[in-house]
Structure formats: structure tokens, C-alpha cells
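Enquirer: Take this sequence and fold it.
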Amino acid sequence: MVILNIEPATNFSGGVNQTILNTLELKKRGHKVYLACVKGSPVHEKLKDFGVEFVFIDNERFIQSAKCVSSFLEKHRVDIVHTHHSKGHTIGLLSLMFRKRERLVVQRGVIFPAKNPFKYLNPRVNLFVANSNVVKERLVKSFVSRKKIVVVYSAIDENRVSGYNRDEIRHKFGFEGRFVFGVVGNYSKWKGQDMLLEAFAGIKNRGNVMLVFVGKNTELLEDRARELGVGDRVRAFGFRDDAPKIIKGFDCLVIPSKEGESFPNVAVEAFFSKTVVAGTNVGGVPELLDDGRGFVCEPNVDSLKGLMLTVYNYDKREEMAERAYRFAKENLTIEKKVDKLEEIYSSLLSK
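Expert: So this is what the prediction gives:
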């Protein structure tokens, strides 16, 4: 098959990483994969040394970008156009408006309401790929037919989280002798780091418990931690490329989001690291942690405080982590994901 991915994002994100992983695995399997992206963007920089052919677009100039893609399609045979990001969706629709040959697949990985009905009800879209059931239901609420939606979970490269020694990591980062709750994610009000910090400060007589934040701008939490009297038990590492390694050293990864989580890839990294996961009842978090794969609570301070105490006192964390690991091995590897994408693409081409 010949696939053109359209990925206009100019920053690195979980969605961008999915495009990268999809591209590499599809190429590995012998498919021809092109990529329409912004020159110099993270997806371009990550893939430029892997023999990927690029079509350069401008993520702010939709019509010009669509013309570039259309011109490319006139000269190259492509079977599937798979768009990523809302802007990619727009560019894909404009590119294929007067073309019939290519099948258009639209990736959807957020649970925010669809703002433009034209984009989601347009018959030119052959299929939507949602990264969780909660995203699928959001599309249905936007009047997209269930028959046009398939759920394919996001995946990770298992090698990214393998080979790390937990004891060495805990020694390196000063976690020895501590029970470590950790959060991985860029600082944001909706990510719930402030809420979790307040809950952590409310846990009394747990001097060996530590809270660690990893992600861009998480250093902003340090002053608030000192104000709450827990500055000596809170650390903020800021952005780090080795976040999966640090997760291996946590006793529990916490996802304290208030909204917006469709499918937190960081939970999958924790699954493969055999680190227990706890999160709020938001978006796709409970879907991932269902069937005893993690702890879930309501997104408020009191519930998070109770959650941390429950995790701290739970004596079957290893069993829970093993259950989550088996689920990840069976469902969340990039190989499993691309198996499903190949089935989807083949089905569309047979119609």
C-alpha cells in the first residue's frame, strides 16, 4: 500500500509520536509512506533520516497547503491519505475535494466537541480512527455515524521503556527509601498538577512519601509546594527526554487531569514499566485502568488525597502492575496497532 500521512503539528506531542511510530512500522513492513508536514517540525526532524519522502506544507495556510498536497497526488499514486490533528483534517479535505481515488482516514485523539460540522459530516471522509471509546462517543454526539468510526488504541515503542533497572534509577534520582508518586506531563491547569499538590499536602504523617513532577514548566509548582509546607518532599524536574526511565522509578504514576484526557500515553509507558497507575475519572483514563489495571477517583482534592492513601496502603500493587503489563503487551504495542491499521486500510481499498 501507499500511504500519505498529513501531520501539520509544529510541536512534539503524543499525537505526533503516534505518526512517527506508525510511519516507521509501516515502512518496516514494506509499505510506501509519504509525509506532509511543516519543514523543520519535530515530526520532520525525527523522520528525515529514515528514508521518508516529504511534502512540505504550512499549517497556517490551508489552501496553499492543500494545493501542495493535491499537486503531489497528481504526480504520485497514493492509496490512503491519513490525516492527523484538526488542521491536517482540514488540509486533507481540501486536498481531496475533487479527487475520488484516494481513501481519506481522519485520526481523532481529543474529546473536545467538534467545532466545524462540515469537517465531520463531510461524505469525503471514508473513516474516522478514534484512539479510545470515549473519543468515539464524542464523535457520535457530533452526529458522525458509528459505522464510520473505528477505535484503534494509541501505542508505544516498547523498546523506549525497556532495559531500565528500577533500583539504579531510584538511586540516581534520590528515590531510595521513599514512596514516590509521580506525574509526567507539561504543566497545565487542566492537567491537575496543582490539585494533586494540594491533595499531597493534606496527607499527614507520611514523611517517607515523595511527589515528583516531570514536564515542561513544572518548576512553577515548587513555590506553591513550599507555601503548602511540603517543599522538602516535592521535586519538579521540568522537561526531560528520559521521562520513561524516571517512570520506572516511581511507585505510582498519577494522572490527575481535570478534563481533556482521551488516551494518556504516559499510562501505557507505566504499564510497560510495571509501575502502578492511578488517575481521575476523566476521558479515556478509566477505560485504560478498567478491569483492575489501576486506581480511579473523582477529579477533586479530597478524592485524590484518598486515592494516594489507598495506593500507599494497597498490598497487591505488584499484581495490579502485572495485570496492566499483560494488557499492554496484548493490545498496546506498535505492532498490534499497525496490524489494525493494515486491516482498516485494506478494507477501505476493497470497497
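Enquirer: give me phi/psi at residue 337?
Expert: With angles defined as degrees, to the nearest 10, residue 337 sits at phi -60, psi -50.
Enquirer: and it, what is it in contact with?
Expert: 21, 22, 25, 152, 153, 154, 155 (Cβ atoms under 8 Å, 6 or more residues apart in numbering). From N, CA and C alone the C-beta is placed, and that goes for glycine too.
Enquirer: quick one: it from residue 228, how far?
Expert: Distance, residue 337 to residue 228, by Cβ to Cβ, to the nearest Å: 41 Å.
Enquirer: again, but for residue 136
Expert: 39 Å.
Enquirer: One more: residue 84?
Expert: Applying Cβ to Cβ to residue 84 and residue 228 gives a distance of 40 Å.
Enquirer: Which of these two has more residues huddled nearby?
Expert: Using other Cβ atoms under 10 Å, the more surrounded residue of residue 84 and residue 228 is residue 84, with 29 against 14.
Enquirer: That one and residue 6 touch, don't they?
Expert: Yes. Residue 84 lies in contact with residue 6 (Cβ atoms under 8 Å); the separation is 6.5 Å.
Enquirer: mind exporting the strand or helix carrying residue 167 as PDB, just the C-alpha atoms?
Expert: Assigned by DSSP states H and E, residue 167 belongs to helix 166-172. Coordinates of each C-alpha in helix 166-172 appear next as PDB, following Å, rounded to 0.1, in the frame of the first residue of the first chain:
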ATOM      1  CA  ARG A 166      14.500   0.200  38.800                       C
ATOM      2  CA  ASP A 167      17.000   0.100  41.700                       C
ATOM      3  CA  GLU A 168      19.600   2.000  39.600                       C
ATOM      4  CA  ILE A 169      17.000   4.700  38.600                       C
ATOM      5  CA  ARG A 170      15.800   5.100  42.200                       C
ATOM      6  CA  HIS A 171      19.400   5.600  43.400                       C
ATOM      7  CA  LYS A 172      20.200   8.000  40.600                       C
END
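Enquirer: State the number of residues packed around residue 224.
Expert: 16.
Enquirer: List the contacts of the strand or helix carrying residue 247.
Expert: Using DSSP H and E, residue 247 sits within helix 243-248. For helix 243-248, the external contacting residues (Cβ under 8 Å, 6+ apart) are 160-161, 164-166, 169, 173, 182, 184, 212, 214-215, 237, 240, 253, 266, 269-270, 273, 275.
Enquirer: what separates that helix from the chain centre, distance-wise?
Expert: Relative to its chain's centre, helix 243-248 lies at 16 Å (Cα atoms, centre = their mean, to the nearest Å).
Enquirer: ok, residue 183 - contacts?
Expert: For residue 183, the contact set (Cβ under 8 Å, 6+ apart) comprises 191, 193, 196, 211-215, 218, 253-256.
Enquirer: can we see that at 10 Å?
Expert: Neighbour list for residue 183: 191-193, 196-197, 211-215, 218, 221, 236, 250, 253-257, 266 [criterion: Cβ atoms under 10 Å, 6 or more residues apart in numbering].
Enquirer: do residue 38 as well
Expert: Applying Cβ under 10 Å, 6+ apart, the residues contacting residue 38 are 7-10, 44, 54, 56-60, 65, 87.
Enquirer: Tell me which of the contacts of residue 183 fall in strands.
Expert: 211, 212, 213, 214, 236, 253, 254, 255 (DSSP state E).
Enquirer: For the residues you listed, work out which two are farthest apart.
Expert: Maximum pairwise distance in these, criterion Cβ to Cβ, is 16.9 Å, between 236 and 255.
Enquirer: Kindly state the pLDDT recorded for residue 330?
Expert: pLDDT recorded at residue 330 is 93.
Enquirer: Just the element for it, please.
Expert: With DSSP H and E as criterion, residue 330 is part of helix 317-331.
Enquirer: Go through that helix and flag the buried ones.
Expert: Applying a neighbour-count criterion of 16 or more other Cβ atoms under 10 Å, one finds 317, 320, 321, 323, 324, 325, 327, 328 buried in helix 317-331.
Enquirer: Quickly name whichever of the residues you listed is closest to residue 103.
Expert: Closest approach between the buried residues of helix 317-331 and residue 103, by Cβ to Cβ: residue 328, at 29.8 Å.
Enquirer: quick one on the thing from earlier: is it possible to export the contacts of residue 38 to CSV including neighbour count and pLDDT?
Expert: Shown next, in CSV, are the contacts of residue 38 (neighbours: other Cβ atoms under 10 Å; pLDDT from 0 to 100):
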residue, neighbour count, pLDDT
7, 29, 97
8, 25, 96
9, 20, 94
10, 16, 92
44, 17, 97
54, 16, 97
56, 14, 97
57, 28, 97
58, 14, 94
59, 18, 88
60, 11, 91
65, 26, 96
87, 20, 94
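Enquirer: show me what contacts the closest residue to residue 338 other than its chain neighbours?
Expert: Nearest in space to residue 338, with sequence neighbours left out and distances taken as Cβ to Cβ, 6 or more residues apart in numbering, is residue 25 at 4.4 Å. Going by Cβ under 10 Å, 6+ apart, residue 25 touches 31, 33, 155, 157, 333, 334, 335, 337, 338, 339, 341, 342.
Enquirer: what would these look like in CSV with pLDDT and secondary structure?
Expert: As requested, the contacts of residue 25 are arranged in CSV below (pLDDT from 0 to 100; DSSP: H, G, I helix; E, B strand; the rest coil):
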residue, pLDDT, secondary structure
31, 97, coil
33, 97, strand
155, 92, coil
157, 84, coil
333, 94, strand
334, 94, helix
335, 95, helix
337, 96, helix
338, 97, helix
339, 97, helix
341, 97, helix
342, 98, helix
